[in-house]
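1. give the three-dimensional model of this entry:
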Amino acid sequence: MKLCSANTWEIFKRELRAYFESPVAYVFLIFYLMLIMFLTFFVSRFYEANQADLKYFFFWFPWVNLLLVPAATMRLWAEERRTGTIELLLTFPVTLTEALAGKFFAAWAFMSLATLLTFPIVITTAWLGDPDGGAVVGGYLGAILLAGAYVAVGILTSTTTRNQVIGFVLAFVVCLFLALAGWPPVTDIVNRWAPSWLVNAVASLSVMPHYESLQRGVIDLRDVVYYASVMVLALFGAYLVIENRKSA
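-> Residues are numbered from 1 along each chain as shown. Below is the predicted model of the structure:
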């Protein structure tokens, strides 16, 4: 089964177009940019720091995406199930793999666009000083890969329910776990009752160490493989959920 087939491309275009056929997409993008700017310039006090350093800018992407990626993905399959169009979609000469890939790439492209629209902040910083170009490239790569992982999780949770709000909450909870799994307060709590190997296993699931490594400008293949693995596993889970419901 080909992920980049003509059917995948058609579904990709349909889903991406669906985002922009509604004013909600434009409101979403504006809110995304305003939230990033607010957190960077006012919460992190970018100007008061008097340093041309983008670490606080990139610091906020995992947390903004934690809230907004589930909002962007909650309808993808929940709405198909609620309206009954999922059965119609799968009667077309389209494989489930192609449908999942098309929807995933469309949502990931939308979130990548939202991420890249923040580039004027980088231009502003470059005008004020001389930021590390490697850290900028690594930061954006990390933010886009992180968004892809969250999108895949959002698609998985969207396949489990007809209700978009429930899909949003489930995606938020899973993504929050992935963000906090390696956080010391969380590992300290787990360490109180679990063996060290389990603590290390839980910590290894966290997206944050991989994101922070990329944010520093260190592009390690292991970090890329980690995010790719999260995407593949989440989409495979979505595939199993839909297949199970088809046969039920």
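
2. and the most centrally placed residue in the chain, how close does it get to W197?
-> Central residue of the chain (Cα atoms, centre = their mean): A147, 2.4 Å from the mean position. A147 sits 31 Å away from W197, going by Cβ to Cβ, to the nearest Å. Every C-beta, even on glycine, is put in place using the N, C-alpha and C of the backbone.

3. what do you get for S22?
-> For S22, the distance to W197 - Cβ to Cβ - is 48 Å.

4. from the rest of the structure, what touches the one helix or strand A72 maps to?
-> Of the helices and strands defined by DSSP states H and E, A72 is found in helix 61-73. For helix 61-73, contacts defined as Cβ atoms under 8 Å, 6 or more residues apart in numbering pick out 19, 28, 31-32, 35-36, 39, 107, 110-111, 114-115, 139, 142-143, 146-147, 150-151, 154-155, 157-158, 167-169, 171-172, 175-176, 179, 207-208, 211.

5. go again with 7 Å.
-> Residues from elsewhere that reach helix 61-73 (Cβ atoms under 7 Å, 6 or more residues apart in numbering): 28, 32, 35-36, 107, 110-111, 143, 146-147, 150-151, 154-155, 158, 168, 171-172, 175-176, 179, 207-208, 211.

6. D132 against V218, yeah?
-> No: distance between D132 and V218: 11.3 Å, which falls outside the contact criterion (Cβ atoms under 7 Å).

7. between the two, what contacts are shared?
-> With Cβ under 7 Å, 6+ apart, D132 and V218 have no common neighbours.

8. so where's the chain shaky on pLDDT?
-> Residues of the chain meeting the criterion pLDDT under 70: 1-4, 46-52, 80-92, 246-248.

9. mind redoing it with 80?
-> 1-5, 44-53, 77-94, 128-131, 182-203, 245-248 (pLDDT under 80).

10. mind listing what's buried in the helix or strand V199 falls within?
-> Assigned by DSSP H and E, V199 falls within helix 196-204. By 16 or more other Cβ atoms under 10 Å, the buried positions in helix 196-204 come out as 199, 202-203.

11. quick one: contacts of that helix?
-> Contact with helix 196-204 is made by 181-182, 187, 190-191, as judged by Cβ under 7 Å, 6+ apart.
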